[in-house]
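Chemist: Model the structure of this input:
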Amino acid sequence: MKIKKPIIPIHQTFVKIKGEPEELDYKAICLFAATGFFWEDSTYWKHQKVLRPGTINEIDENGYLVSSKSWFKWTYEPTDKSFDTSLQQYQDLLEQIIDEQIGDQQAILPLSGGLDSRSQAVALHKLGKKVTSYSYSFLGGYKEHQISQQIAEVCGFDFQAFEIPPNYLWDKIDELAEINQCYSEFTHPRQMGVLEELKQMQGVFSLGHWGDVLFDKGGDEGIQDKDLVSYIHKKVIKKGGMELAQQLWKSWELEGDFDTYLKDTTQSLLNRIDIQNTSAKVRAFKSMYWAPRWTSINLSVFEAAHPITLPYYDDRMCQLICEIPEAHLADRQLQIEYIKRNNPEVAKITWQDQKPFNLMNFHNNKAPYNLPYRITDKLKRLLQEKLGKKFIQRNWELQFLGEANAKQLESYLFDQDFNSLVDPKVVKELYHKFQTQDPVFYSHPVSMLLTLSVWNRRDFG
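Modeler: Down below sits the predicted model:
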């Protein structure tokens, strides 16, 4: 059997590897713990891998990988063209892909205050598609849906606003583990909190994932090739991730040390990308190793409700990126200009990352122009805290904090079977730091320990 994988796969395809022992890949799990995603083709097991992006693979009747060869390689070969030419290419392709993906179906559009879904909104409106849109906010957090609703109103879309409830995770955790197979931690896909409501909608999802990576600079200006490893680590390693991975490595008595293994692995993967421009090289690295093993995993939650379409995942979009000059991609210029030229009213709505400014005036988001908003926003938050209302910015705050959540969380962290996989001393130390020192910094280690515990129950329970 032959399987051709897209440039950015939506699904993982698992295969068996001849000659590898049927035992846990502890080193791969340490990388997972540090970053929240498995690297390259690794899984929990040494004898099991996933097919790599952009490859054609031969699989035998028993599920073993016979051969694998690349049909696509990321390059940076910009053509000599004007910004307007790049913009026209992007516009034509985006609208063509969305038109093909949606056809005569009803589109379900998750709207945010950012640029990816806003670009899709403009394209869907321009193409005359039938659209149901929605957004969600955290209970006690910034009301992101207020921006989304304005976009929907300008485009004439139906709109629903959802609020992510506290404590939903514990009733959903087994279902979520079945959906993502424990290849991602459980607090990032907040759409799980409103999954039943999403199932009530009709149509197919149009999702904007990975547009923010493709249509922006891959790395900071002036970064040197010799600094790429540390630069990537700053991007992908989560707060507290290094400490968790180092402790797991030590407790499992693995050869060498995690820091060296991390650096060697990162350098080895970078060496496979034959691109001299460092910004384009970082973008390729993210698209090859991060998108399929992190972003794509959480797409499965949407797919549990309705079929999904992703214009930025289309092979043609990835191929186009390879020929657009970095100067045109940097700072989201193409997306911003596309929205401004095709729907100025949508462009005038607040850009969440630059609030209270919009796509027409975000260049003023600096002192002294932004001081009135920053002062007012700070006073609002202080007043909210004074009234005993915590300002919620992250899903884990709703799912981990508080007595009821703690009881549920601890039932997984201190499960006897799990503590045979992960040293209870490691669990206790990191959980104690989460409770008493810095919950923001240690929320990732706690979430990863929860993920490993749920996985352990599923595979060994």
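
Chemist: what about the residue nearest the centre of the chain, distance to Ile29?
Modeler: A centroid search over the chain (C-alpha atoms, centre = their mean) returns Thr295, at 3.8 Å, as the residue closest to the centre. Using C-beta to C-beta, to the nearest Å, Thr295 is found at 20 Å from Ile29. All C-beta spots, glycine's among them, are computed from the backbone N, C-alpha and C.

Chemist: before we move on, what about Ile98?
Modeler: Ile98 is 38 Å from Ile29, where distance means C-beta to C-beta.

Chemist: Now do the strands in the stretch 51-200 of the chain.
Modeler: In the stretch 51-200 of the chain, the strands defined using DSSP state E, counting those that start in this stretch lie at 55-59, 65-70, 107-110, 131-138, 158-164.

Chemist: got the angle between the longest one and strand 158-164?
Modeler: Okay, so that is strand 131-138. Computed with axes from the mean of the first three to the mean of the last three C-alpha atoms, to 10 degrees, the direction of strand 131-138 lies at 20 degrees from that of strand 158-164.

Chemist: which stretches of the stretch 201-350 of the chain form strands?
Modeler: Under the criterion DSSP E, counting those that start in this stretch, the stretch 201-350 of the chain contains strands at 204-206, 308-309.

Chemist: Tabulate those in JSON lines, adding columns for mean neighbour count and mean pLDDT.
Modeler: Converted to JSON lines, the strands of the stretch 201-350 of the chain look like this (neighbours: other C-beta atoms under 10 Å; pLDDT from 0 to 100):
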{"stretch": "strand 204-206", "mean neighbour count": "21", "mean pLDDT": "98"}
{"stretch": "strand 308-309", "mean neighbour count": "21", "mean pLDDT": "98"}
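
Chemist: nearest to Met242, of these?
Modeler: strand 308-309 (33.2 Å; C-beta to C-beta).

Chemist: For that closest one, name the packing helices and strands.
Modeler: Counting contacts by 3 or more C-beta pairs under 8 Å, 6 or more residues apart in numbering; DSSP states H and E, strand 308-309 is packed against helix 83-102, strand 204-206.

Chemist: just so I know, which of those lies nearest His11?
Modeler: Taking C-beta to C-beta as the criterion, strand 204-206 is the member of those that comes nearest to His11, at 14.8 Å.

Chemist: what about Asn365, neighbour count?
Modeler: When neighbours are defined as other C-beta atoms under 10 Å, Asn365 has 16 of them.

Chemist: Then Asp174?
Modeler: 12.

Chemist: dump the residue contacts of it.
Modeler: Contact partners of Asp174, counting by C-beta atoms under 8 Å, 6 or more residues apart in numbering, are Val454.

Chemist: From Ala33, how far out is it?
Modeler: Asp174 sits 22 Å away from Ala33, going by C-beta to C-beta.

Chemist: before we move on, what about Arg52?
Modeler: In this view, Arg52 and Ala33 are 22 Å apart by C-beta to C-beta.

Chemist: Who has more neighbours out of those two?
Modeler: Ranked by neighbour count (other C-beta under 10 Å), Arg52 and Ala33 place Ala33 first, with 28 against 17.

Chemist: Helix or strand: which one has that one?
Modeler: helix 26-35 (DSSP states H and E).

Chemist: In terms of secondary structure, what does that helix contact?
Modeler: helix 241-251, helix 258-271, helix 439-460.

Chemist: Could you tell me which residues make contact with the nearest residue to Leu398 once chain neighbours are set aside?
Modeler: Using C-beta to C-beta, 6 or more residues apart in numbering and skipping residues adjacent in sequence, the residue nearest Leu398 is Pro166, 4.1 Å away. Pro166 makes contacts with 139, 398-399, 402, 405, as judged by C-beta under 8 Å, 6+ apart.

Chemist: For ChimeraX, write the select line for the buried members of those residues.
Modeler: Entered in ChimeraX, the line below selects the buried ones among the contacts of Pro166, by 16 or more other C-beta atoms under 10 Å:
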select :398,399,405
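
Chemist: Quick check: closest non-adjacent residue to Phe159.
Modeler: Ala152 (3.8 Å).

Chemist: Hmm, the one you found is touching Ala161, no?
Modeler: No - the pair Ala152 / Ala161 is not scored as a contact, 9.8 Å apart, by C-beta atoms under 8 Å.

Chemist: In terms of neighbours, single out the busier of the two.
Modeler: A count of neighbours by other C-beta under 10 Å puts Ala152 above the other of Ala152 and Ala161, at 25 against 16.

Chemist: dump the residue contacts of the more buried one.
Modeler: 111, 121, 133, 158-159.

Chemist: Give the burial count for His432, as a bare number.
Modeler: If we define neighbours as other C-beta under 10 Å, then His432 has 11 of them.

Chemist: Next, it: secondary structure please.
Modeler: Following DSSP: H, G, I helix; E, B strand; the rest coil, the label given to His432 is helix.

Chemist: Next, find the distance separating it from Cys318.
Modeler: In this view, His432 and Cys318 are 44 Å apart by C-beta to C-beta.

Chemist: Would you map the helices across the stretch 151-300 of the chain?
Modeler: Taking DSSP state H, counting those that start in this stretch, the helices of the stretch 151-300 of the chain run over residues 169-180, 195-199, 211-214, 228-236, 241-251, 258-271, 278-285, 296-303.

Chemist: wait, doesn't Tyr313 sit right on Pro53?
Modeler: No - at 10.6 Å, Tyr313 does not count as touching Pro53 under the criterion of C-beta under 8 Å.

Chemist: Would you point out the helix or strand in this protein whose mean pLDDT is lowest?
Modeler: Within the chain, judged by mean pLDDT, DSSP states H and E, the helix or strand with the poorest mean is helix 371-386; its value is a mean of 68.

Chemist: Following element in sequence after that one, please.
Modeler: helix 395-400.

Chemist: and the following helix or strand past that next one, what does it pack onto?
Modeler: Next along the chain after helix 395-400, taking DSSP H and E as the criterion, comes helix 403-413. Counting contacts by 3+ C-beta pairs under 8 Å, 6+ apart, helix 403-413 is packed against helix 169-180, helix 395-400, helix 424-436, helix 439-460.

Chemist: As CSV, those helices with mean pLDDT and distance to Ser300 would be great.
Modeler: Listed next are these as CSV, based on pLDDT from 0 to 100; distance: least, C-beta to C-beta, whole Å:
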stretch, mean pLDDT, distance to Ser300
helix 169-180, 95, 5
helix 395-400, 90, 17
helix 424-436, 97, 27
helix 439-460, 93, 15
